[in-house]
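> have a look; sequence and predicted model below, questions after that.
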Amino acid sequence: MRTKLFTVMAVLLVTAVWHCSAAIAGDGRQQATERAAGRAARMLLAALKQELTGALQEGGPVAAINICARRAQALTASIPAQAGLPGLRIRRTSLRCRNAANRPGPAERRALEVFERQVHRGETPAPVAERRQDLYRYYVPIQTAPLCLVCHGRPGEIDAGVLKILRERYPDDNATGFSTGDLRGMVSVTVPLSAAAGENNIADYPETIAVLQELYRSEIIASRTYSGFARKAAEEKYYCVARLFRALSESETVHAGNFKTILNELGLEPEKFPEPDSTIADTRTNLNWALKVELSEIDTNYPKLITRIKPEGNRRALEDITYAWKSEMQHRDLIKKMKSGLGLFFGKIVEKLKKAKEYHVCRRCGSTVFKLPEKTCIICGSPVSLYKKTK
């Protein structure tokens with residue numbers, strides 16, 4: 001009798017531990033999925049804001065309408081491929097829509113009504129995550145900013161030319177009359193549960209995790225090193241070299257951020273590491289060192305790391321590591337051109353170097369260029385608005 005009792009207790013204990021572990025793993029997957037959804041929403045809002053700001057500066061309010069009418073949908077469509085979760089869908093919706101295609105579904109309407117009540121009470125609405133049926137849903141409220149009022153303000157405050165175009169294009173427009181702080185709408189992100197579960201099982205990715213930890217450390221060190229090189233070049237009045245090194249530093253920071261995001265989505269944090277000793281030599285020596293390191297990264301390190309993680313099939317990790325590899329190739333070419341341009345005249349053309357080239361770094365993949373592509377990033381395909389000019 002006692003043996004049977006112990007057996008039953010043991011079975012119950014094992015069952016309880018299993019269910020507890022499954023619940024913890026499920027919570028970890030949900031948190032990782034929410035982080036990915038939040039990142040997708042932030043990317044969309046940042047891209048839209050940059051496009052609208054640029055359009056207003058270049059062509060005024062009418063140009064901004066064209067961004068909303070033509071570019072917004074394309075920008076939205078580009079986000080899922082960047083988010084790293086298969087099946088992710090993202091859209092903007094509102095209780096007061098301009099485009100009928102953006103009308104909310106039942107679950108979205110309930111979330112919008114909650115946000116609306118919070119704003120009316122003087123509260124600041126925060127993103128909401130929920131699990132319904134076979135989907136994770138993530139809602140990010142959008143409050144009306146001054147920039148929005150150009151096209152969504154009160155009719156008497158909107159430019160007459162803008163109103164004319166709105167009435168012609170959107171005869172059923174219901175998206176004017178807003179004031180700063182009003183709830184304009186929200187970003188709605190959905191992710192299938194199957195995709196969330198399949199992407200975030202730590203036990204499936206031991207090599208991938210090890211590689212991500214290694215790469216995170218090396219990218220952080222590279223970013224700090226290039227930042228030091230930039231300061232040295234500026235001290236020596238090689239301003240174009242300083243700007244190049246600052247761009248390379250920003251690119252390495254993007255790579256590190258991508259690797260950290262993947263680790264976070266797997267429920268992990270980057271491992272801490274001691275601050276390395278770094279010697280900042282003269283600019284000529286620093287350029288030679290940088291070129292040697294980039295060649296090693298391109299020819300040896302990245303191919304080996306990609307080979308290590310391929311069998312585990314983590315799509316996001318493979319994608320971001322490949323992006324980093326391709327941008328390191330850009331780094332090599334830029335350093336080579338800089339060295340070739342300076343050549344034997346190192347130290348003799350300081351005045352000419354004061355007008356440094358402007359470099360641009362893609363905030364999604366780290367692509368580093370001095371001439372912006374026309375529409376999309378040449379490495380990751382993100383909208384060109386995600387490029388940031390180095391200072």
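Perfect, thanks for sending it. Numbers count the residues shown, from 1 in each chain.
> next, count neighbours for residue 261.
18 (other C-beta atoms under 10 Å). Every residue, glycine included, has its C-beta placed from N, CA and C.
> the residue nearest to it when sequence neighbours are not counted: neighbour count?
Of all residues beyond its chain neighbours, the one nearest residue 261 is residue 39 (6.6 Å), with distances taken as C-beta to C-beta, 6 or more residues apart in numbering. Using other C-beta under 10 Å, the number of residues around residue 39 comes to 19.
> next secondary structure after the helix or strand of the chain with the lowest mean pLDDT?
Lowest on mean pLDDT, DSSP states H and E among the helices and strands of the chain sits helix 350-353, with a mean of 44. Following helix 350-353 in sequence order, the next helix or strand is strand 360-362 (DSSP states H and E).
> just checking, what packs against that next one?
Counting by 3 or more C-beta pairs under 8 Å, 6 or more residues apart in numbering; DSSP states H and E, the packing neighbours recorded for strand 360-362 are helix 239-265, strand 368-369, strand 387-389.
> minimum distance to residue 71: which of these has it?
strand 387-389 (15.2 Å; C-beta to C-beta).
> flag the shaky bits of the stretch 51-200 of the chain, pLDDT-wise.
Where the stretch 51-200 of the chain drops to pLDDT under 70, the residues are 67, 69-70, 81, 83-86, 133, 194-200.
> quick one, strands of it?
Ranges of strands in the stretch 51-200 of the chain, per DSSP state E, counting those that start in this stretch, are 89-93, 128-132, 135-143, 183-192.
> my guess is the residue nearest to residue 261 contacts residue 262. True?
No - the pair residue 39 / residue 262 is not scored as a contact, 10.8 Å apart, by C-beta atoms under 8 Å.
> looking at the helices and strands packed on strand 360-362, which is closest to residue 325?
Counting by C-beta to C-beta, residue 325 lies closest to helix 239-265 out of the helices and strands packed on strand 360-362; the figure is 9.7 Å.
> which other helices and strands contact that closest one?
Where contact means 3+ C-beta pairs under 8 Å, 6+ apart, helix 239-265 is packed against helix 2-66, helix 206-235, helix 283-296, helix 315-342, helix 350-353, strand 360-362, strand 368-369.
> if you compare these, which one is most tucked away?
strand 360-362 (a mean of 25; mean count of other C-beta atoms under 10 Å).
> what lies in contact with that strand?
Residues from elsewhere that reach strand 360-362 (C-beta atoms under 8 Å, 6 or more residues apart in numbering): 247, 250-251, 254, 327, 367-370, 372, 377, 379-380, 382, 386-390.
> are any of those buried, and which?
Taking 16 or more other C-beta atoms under 10 Å as the criterion, what is buried in the contacts of strand 360-362 is 247, 250-251, 254, 327, 367-370, 377, 379-380, 382, 386-387, 390.
> list the contacts for the nearest residue to residue 382 once chain neighbours are set aside?
With C-beta to C-beta, 6+ apart as the criterion, residue 382 has its nearest non-adjacent residue at 4.4 Å, and that residue is residue 364. When contacts are counted by C-beta under 8 Å, 6+ apart, residue 364 is found next to 43, 82, 254, 323, 377, 380, 382, 386.
> ok, which pair from those residues is furthest apart?
43 and 323 (14.6 Å).
> quick one: residue 82 from residue 128, how far?
In this view, residue 82 and residue 128 are 22 Å apart by C-beta to C-beta, to the nearest Å.
> more neighbours: these two, which one.
Using other C-beta under 10 Å as the criterion, residue 82 and residue 128 rank with residue 82 on top: 23 against 15.
> the more buried one contacts residue 41, doesn't it?
No - if you go by C-beta under 8 Å, residue 82 and residue 41 don't touch, sitting 11.9 Å apart.
> ok, residue 374 touching residue 387?
No - using C-beta under 8 Å, residue 374 makes no contact with residue 387, being 11.7 Å away.
> got a list of what residue 63 touches?
Per C-beta under 8 Å, 6+ apart, neighbours of residue 63: 55, 56.
> relative to residue 163, how far out is it?
Between residue 63 and residue 163 the distance is 16 Å, computed by C-beta to C-beta.
> ok, the nearest residue to residue 94 once chain neighbours are set aside - how many residues close by?
What sits nearest to residue 94 in space, not counting adjacent residues and going by C-beta to C-beta, 6+ apart, is residue 185, at 3.0 Å. Using other C-beta under 10 Å, residue 185 has 26 other residues around it.
> surely residue 185 is in contact with residue 142?
Yes - applying C-beta under 8 Å, one finds residue 185 in contact with residue 142, separated by 5.1 Å.
> now the common contact residues for those two.
Listed as contacting both residue 185 and residue 142 by C-beta under 8 Å, 6+ apart are residue 92.
> among the strands of the stretch 51-200 of the chain, which is the most enclosed?
Using mean count of other C-beta under 10 Å, strand 183-192 ranks as the most buried of these, with a mean of 23.
> listing partners with orientation, what would you give for that strand?
Applying DSSP bridges, strand 183-192 is found paired with strand 89-93 (antiparallel), strand 135-143 (antiparallel).
> just checking, residue 219 touches residue 253?
Yes - between residue 219 and residue 253 there is a contact under C-beta under 8 Å: 7.4 Å.
> tell me, how many residues neighbour the residue nearest to residue 230 when sequence neighbours are not counted?
Spatially, and ignoring its direct neighbours in sequence, residue 230 is nearest to residue 245 (3.7 Å; C-beta to C-beta, 6+ apart). Neighbour count for residue 245, taken as other C-beta under 10 Å: 29.
> one more: residue 115?
24.
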